[in-house]
Structure formats: structure tokens, C-alpha cells
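K.L.:
For reference, the sequence and a predicted model appear below.
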Amino acid sequence: MTFAGRFTDSLVPDQLDKLAVSFLVDDLDIRRGGCAANIAFGLAQLGHQPLLVASVGQDFDELGYRSWLQDAGVDCSRVHVSSTRHTARCTITTDETQAQIVTFYAGAMAEAREIDVAAVHADTAFDLLLVGPDDPEGMLRHTRTARENGIAFAADPSQQLAWADGELIRELIDGAAYLFSNDYEAALIEQKTGWSAAEIQSRVGTRVVTHGKDGVVVHPSDGDPIVVGAIEGLVAIDPTGVGDSFRAGFLAGVAAGLDLTRSAQVGCTIAASVVETKGTQEYTLSREGFLKRVAWTYGDAAASDIDSALVLA
């Protein structure tokens, strides 16, 4: 929602203990989201068949979100549906100064801890389990289950790092095949865990650190860091979901057998489509356009390698 004014004009400093304000907004824009769904959608756009494992409310079907994802190629057969809670959602109101009031409702997300990923894996074997920001107890259970059952997993705690303590973060990342974060989150992980970057690296396989408009640095388990620049010449519309789309692209490249450099290039390319679009799942990819953008930024050899590995419309 957008408020055509300033929030501060409605605030009386010495009356904040009796705060009661309302804002008449100009528009209401409703978008699909959720890190897991965003990543799954991106993987499907790049020709993969991702399995969405998450907890939702009955409104997941009522609002057509399930059918939207299934039509896009996402397997929603293992989604847990709460009988009492709504699907998690976030409401954001922005004023003319770009100040924001944000409210997040966790809802059915709290039941993610009830999902047994080992049972899911036994029924529908998957190559990699990505544990994204979710119900903290659920994240912890899924991570422990993956370690105990020898399931390769990627740690992507992102938004949950702000409140998590060092002990929890250490549990969530230890033994991960991949650790995803942005540069700020990477520093936060070091600060809270008390581990240096080298110590963190010794406990995970590949560490992937995004740097916004400056691209990404991939730290392999051995060898020198790999620096991949972002796509240039973009007209940024909305950064929401860009990190999720990068993860989808990177993992799509890995799953297709591409090396870390090419996988990061795929991630940066799909991220460019998202930042140019309002919404996290409103972008469309064409094979010709995608490969042209890869070639323009990373060269013809990169485009050729990616063309032979990925299935795009």
C-alpha cells in the first residue's frame, strides 16, 4: 500500500504512549511471495521440477496460489495445510518519503515444525534440501534431519538471522553443502557465531555471498573465490525477491551440471529479470532473451554452455 503523505505528520512525540493512527492509502497491490515459493517458481522457469515443502493455510487453495505454482511447474503435493491458521503474509505501507510500516503474520508457518522431511525424502527423493527462512523450530528440525539422514542441504537463514542467536545459527549452517547470504548477513553470521570466515568455510561446502548491484562472490570448498558481476544496464523497478531468484538460478545451474561460475551467471541473469519487474513471480523468461543477456554480459562461451545445460521455453 502507498500513503500519499508522511507518517511523521501523524505522530505527536509526547503522545506516543497513546498511539492510535490510521492512514488512507491510495492503492492496494497484492503479490504472491514467500522465499520457498519464489525459489521454487524460479527453478521451474529454468526447466527444473522443484518440490515445495512448506506449511500454508487453507487460503493457499482459496486464493489460487497452489494452482498458480502447479501451472508454473512446481510440485505442491507435499505442502502441509493448516486447519486453523492462514498462510503467512506481510503487509507493507510506504509513505512519500519511502518510510515503511511493515507487519508480518507468521500464521501457518508455525506448523512447519510438524513436517518430517525424512518421510518426504523417502517418498519423493530429492537431490538437495534448501532450508530457507521459516519457523525457527522447523528450520532446526529440517537441518538436523538432513544431517542425521545424510541428505545434502543448503542453508539459507537470511531474514531469520536478525533475531537468532549464535548457537542456533551454528546449528543451521554446520554441514551445509551450500550457505547462502548477502554481504551484510555474512558479517552477521560471523559476529553471532563467533566463527571467522575461514572457520565458517571449513564447516560448509560452498559459501555464496551476494553483493547486490556488485554481483556475487562464490567461495568454493577449495580454491580461490569466484567473482561474478551483476547484469548491467538495468532499470530497477522492485528489488523484492531478487535474492530468491538468484538462489533459484544458481541451484538450477548446479543441478544442470554447470560449474560454479556459470551457475552464478545464471543466478545473476534471472535476478535481473526480477528486479526489472514489480512482484516476485511476475517475470517471464524466454530462451532467446535470457541467452542474449548472458552473452552480452558474460560472453558467447557462457551463453553456449548455459544453452546446452538449461531447458528454457
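P.N.:
Received the coordinates, thanks.
K.L.:
show me the contacts for the residue nearest the centre of the chain.
P.N.:
Most central residue of the chain, judged by C-alpha distance to the mean C-alpha position with C-alpha atoms, centre = their mean, is residue 244 at 2.9 Å. Residue 244 makes contacts with 35, 38-39, 42, 280, as judged by C-beta atoms under 8 Å, 6 or more residues apart in numbering. No exception for glycine: its C-beta is placed from N, CA and C like everyone else's.
K.L.:
got it, and residue 201?
P.N.:
207, 219, 221.
K.L.:
Let's have the contacts of residue 244 in JSON lines, adding secondary structure and distance to residue 260.
P.N.:
JSON lines is the format used below for the contacts of residue 244 (DSSP: H, G, I helix; E, B strand; the rest coil; distance: C-beta to C-beta, whole Å):
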{"residue": "35", "secondary structure": "helix", "distance to residue 260": "22"}
{"residue": "38", "secondary structure": "helix", "distance to residue 260": "22"}
{"residue": "39", "secondary structure": "helix", "distance to residue 260": "18"}
{"residue": "42", "secondary structure": "helix", "distance to residue 260": "18"}
{"residue": "280", "secondary structure": "coil", "distance to residue 260": "25"}
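K.L.:
Emit the ChimeraX select command for whichever of these are buried.
P.N.:
Paste this into ChimeraX to select the buried members of the contacts of residue 244, with burial taken from 16 or more other C-beta atoms under 10 Å:
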select :35,38,39,42,280
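K.L.:
if we take the contacts of residue 244, which one ends up nearest to residue 129?
P.N.:
When the contacts of residue 244 are ranked by distance to residue 129 (C-beta to C-beta), residue 39 comes first, at 12.0 Å.
K.L.:
The closest one and residue 45, how far apart?
P.N.:
11 Å (C-beta to C-beta, to the nearest Å).
K.L.:
What is the burial count for residue 213?
P.N.:
Counted with other C-beta atoms under 10 Å, residues neighbouring residue 213 total 12.
K.L.:
Apart from its chain neighbours, what residue comes closest to it?
P.N.:
residue 230 (5.5 Å; C-beta to C-beta, 6 or more residues apart in numbering).
K.L.:
Make sure residue 289 is indeed in a strand.
P.N.:
No: in this structure, residue 289 is helix, not part of a strand, as judged by DSSP: H, G, I helix; E, B strand; the rest coil.
K.L.:
Start the count at 16 instead of 1 going forward.
P.N.:
Right, with 16 as the first residue, what we last looked at is residue 304.
K.L.:
if we can go back for a sec, can you pull the residues that touch both of residue 54 and residue 60?
P.N.:
residue 263.
K.L.:
Just flag the most distant two among the contacts of residue 259.
P.N.:
Comparing all pairs in the contacts of residue 259 by C-beta to C-beta, the longest separation belongs to 50 and 57, at 10.8 Å.
K.L.:
Where neighbours are concerned, which of the contacts of residue 216 has the most?
P.N.:
For the contacts of residue 216, the largest number of neighbours (other C-beta under 10 Å) sits with residue 222, at 24 neighbours.
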